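Model the structure of this input:
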Amino acid sequence: MSSDSPAPKALTASDFPGLKALIERHVSARDVAGIVVATAIGDDEPAFISAGETGFNTGKPVGADSIHRIFSQTKPVTGISIMMLIEEGRIGLDQPLGEIIPELANLHVLADPNAGIVREVKVLPTVRHLLTHTAGFSYALQTDPIGARYRAQGIEPGYRVQAHRTEGAPVLRDTQDFIERLSQLPLSCDPGEIWHYSVAIDVLGAIVERVAKQTLGAFFAERIFGPLGMVDTGFIVPADKARRLVALPERNVDGDWIVADDPADSVYTKPAMESGGGALVSTARDYMRFTAMLAGEGETRGVRLLRPDTVRLARTNLMPPGLSMQFFGNVLAGMGHGAAMQVPHYATTMPAGVFGWGGAAGTGMWVDPTHKLHIVLMTQYWPAEINLSLRESPAAAVYADLGLWPVGPRTSLLERRSARVLN
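Okay, the predicted model is just below:
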């Protein structure tokens, strides 16, 4: 394109009629109270497409600056923090965990759940294992024997809403408390043997704190949120921003919506363990600055956080060879795992190579390296399994509205824009 050609226009809400109709249907059906979808190409100003309210019957429209609980969508931020430390040579991708956190140097594996017999691990877990959920740890939400022990010991990082925690279990005070409790329990399996969704990313948060010698929240603020201008993202919602926090609806056993976390007295306005696996709040506008950095291979609007090769490594499959992802018993064919993010090997509802992760209350993020297209979904509902199709369908609708997938060859959107196809 010649220098005197007009600059290609950024995407706008009017480019997404199919997406708009989709989210309005979900709101009308009371599947959710409100939805915000943001999308952009590279450093362009995002298009924000929204429908609904900040909670059922609040009368307040949800928007780009509404604050959402992003739960496990915290994980990519922690993963990128680890990649920063790797790039700086402060830790190694294949460095044993015990060298960084000595309390976790002598881990064992549960060999016989019925008898409680443990044995030594075959291999020591590494940073790579932690990034890819192959370190052998479990989660309180898992149904395996170790998951039950986690619940009994209150090892539930990120579970800040009381209704989502194990009744009577002691609350984790901080990351050190988390590590001390975790060190008393065996692994569910040997490192490198299976993909098992776990507290591994919370362990990575503890690594960040040990290596950087500061709290996880301070590291995030100094190294990521501050440079990117993510002014509404953090572990606590300040009092002057609480009015922008949306409600967290929960569907009870009768199928009715109740409020699990009310913005008027939210647990997110109070201190809690800074969980690298699931405790941040953010907005669609803020999180788009993070995904823009990933789409720009470490740089956005003149601010560079990582080298391009480090971001490329983060979005590749880092899992040990031959392993597949199995999410609660379901094999996710063709899926790999990078730096705390899912990396598809081949096309599904979206093209191959689109990487990202989501949160338990329905949020999601996707980054497309070919087109520099990035998408953020913000909504709130609990439990996550009641709307399994809702997370993927808005992102797929973005591709459909742009005619990128599954229509036609996968030519670069940037090339198409240069040819003024979208002008």
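
which ones are touching the residue nearest to the spatial centre of the chain?
With distances taken as Cα atoms, centre = their mean, the residue of the chain nearest its centroid is residue 73 (2.0 Å). Residues in contact with residue 73, defined by Cβ atoms under 8 Å, 6 or more residues apart in numbering, are 280, 282, 287, 357-359, 363-365. In this view, the C-beta of every residue, glycine as well, is placed from N, C-alpha and C.

Among these, give me the pair with the biggest separation.
The distance between the two most remote of the contacts of residue 73 (Cβ to Cβ) is 14.2 Å, for 280 and 364.

Between the two, which has more neighbouring residues?
In this view residue 280 and residue 364 are compared by other Cβ atoms under 10 Å, and residue 280 has more residues nearby, 31 against 22.

Okay, that one and residue 155: tell me how far apart.
19 Å (Cβ to Cβ, to the nearest Å).

And residue 372, by the same measure?
From residue 372 across to residue 155, the span is 39 Å (Cβ to Cβ).

more crowded one of these two?
When residue 372 and residue 155 are compared on other Cβ under 10 Å, the one with more neighbours turns out to be residue 155, at 27 against 20.

I'd like the domain boundaries of the chain, if you could list them.
13-76+230-418, 79-212 (automatic domain parsing).

I'd like the distance from the first one to the chain centre, please.
A distance of 8 Å separates the centroid of the chain from that of domain 13-76+230-418, by Cα atoms, centre = their mean, to the nearest Å.

Quick one: mean pLDDT for that domain?
Computed over domain 13-76+230-418, the mean pLDDT rounds to 91.

Could you shift the numbering so residue one becomes 591, and keep it that way?
All right, first residue 591 from here; so that's domain 603-666+820-1008.

before we move on, back to that, turn the domains of the chain into a markdown table, including distance to residue 814.
As requested, the domains of the chain are exported to a markdown table (distance: least, Cβ to Cβ, whole Å):
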| stretch | distance to residue 814 |
| --- | --- |
| domain 603-666+820-1008 | 7 |
| domain 669-802 | 7 |
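
Among the ones you listed, which comes closest to residue 812?
Closest among the domains of the chain, using Cβ to Cβ: domain 669-802, at 8.8 Å.

Identify the residues contacting residue 929.
Residue 929 makes contacts with 666, 669-670, 672-673, 721, 903-905, 908, as judged by Cβ under 8 Å, 6+ apart.

Cross the residues you listed against helices and list the overlap.
Judged by DSSP state H, the subset of the contacts of residue 929 located in helices is 666, 669-670, 672-673, 721, 903-904.

Neighbour count and distance to residue 780 added to those residues, as TSV?
Formatted as TSV, the ones in helices among the contacts of residue 929 follow (neighbours: other Cβ atoms under 10 Å; distance: Cβ to Cβ, whole Å):
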residue	neighbour count	distance to residue 780
666	27	26
669	24	23
670	24	28
672	25	22
673	23	25
721	27	17
903	17	25
904	26	25
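
Report the two members of these separated by the largest distance.
Of all pairs in the ones in helices among the contacts of residue 929, the most separated under Cβ to Cβ is 666 and 903 at 14.1 Å.

where do the strands sit along the stretch 591-740 of the chain?
624-631, 637-642, 658-659, 698-702, 707-710 (DSSP state E, counting those that start in this stretch).

Tabulate those strands in TSV, adding columns for distance to residue 928 and mean neighbour count.
TSV is the format used below for the strands of the stretch 591-740 of the chain (distance: least, Cβ to Cβ, whole Å; neighbours: other Cβ atoms under 10 Å):
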stretch	distance to residue 928	mean neighbour count
strand 624-631	21	26
strand 637-642	26	23
strand 658-659	24	31
strand 698-702	26	15
strand 707-710	29	12
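
Can you lay out the contacts of residue 929 as JSON lines showing distance to residue 706?
As requested, the contacts of residue 929 are exported to JSON lines (distance: Cβ to Cβ, whole Å):
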{"residue": "666", "distance to residue 706": "36"}
{"residue": "669", "distance to residue 706": "33"}
{"residue": "670", "distance to residue 706": "38"}
{"residue": "672", "distance to residue 706": "33"}
{"residue": "673", "distance to residue 706": "38"}
{"residue": "721", "distance to residue 706": "30"}
{"residue": "903", "distance to residue 706": "40"}
{"residue": "904", "distance to residue 706": "38"}
{"residue": "905", "distance to residue 706": "40"}
{"residue": "908", "distance to residue 706": "33"}
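
Looking at the residues you listed, which is nearest residue 616?
residue 666 (24.3 Å).

Please tell me how far that closest one sits from residue 926.
Taken as Cβ to Cβ, the span from residue 666 to residue 926 is 15 Å.

my guess is residue 943 is in a strand, correct?
No. According to DSSP: H, G, I helix; E, B strand; the rest coil, residue 943 belongs to no strand; its state is coil.

got the contact list for it?
Counting by Cβ under 8 Å, 6+ apart, residue 943 makes contact with 905, 933-934, 958-960.

Out of these, which end up buried?
905, 933-934, 958-959 (16 or more other Cβ atoms under 10 Å).

Hmm, residue 653 is touching residue 625, no?
No. If you go by Cβ atoms under 8 Å, residue 653 and residue 625 don't touch, sitting 10.8 Å apart.

So for those two, which residues contact both of them?
In contact with both residue 653 and residue 625: residue 640, using Cβ under 8 Å, 6+ apart.

Pretty sure residue 770 sits against residue 691.
No. If you go by Cβ under 8 Å, residue 770 and residue 691 don't touch, sitting 10.7 Å apart.

So for the two, which sits in the more crowded spot?
Neighbours per residue, other Cβ under 10 Å: of residue 770 and residue 691, the larger number sits with residue 691, 18 against 12.
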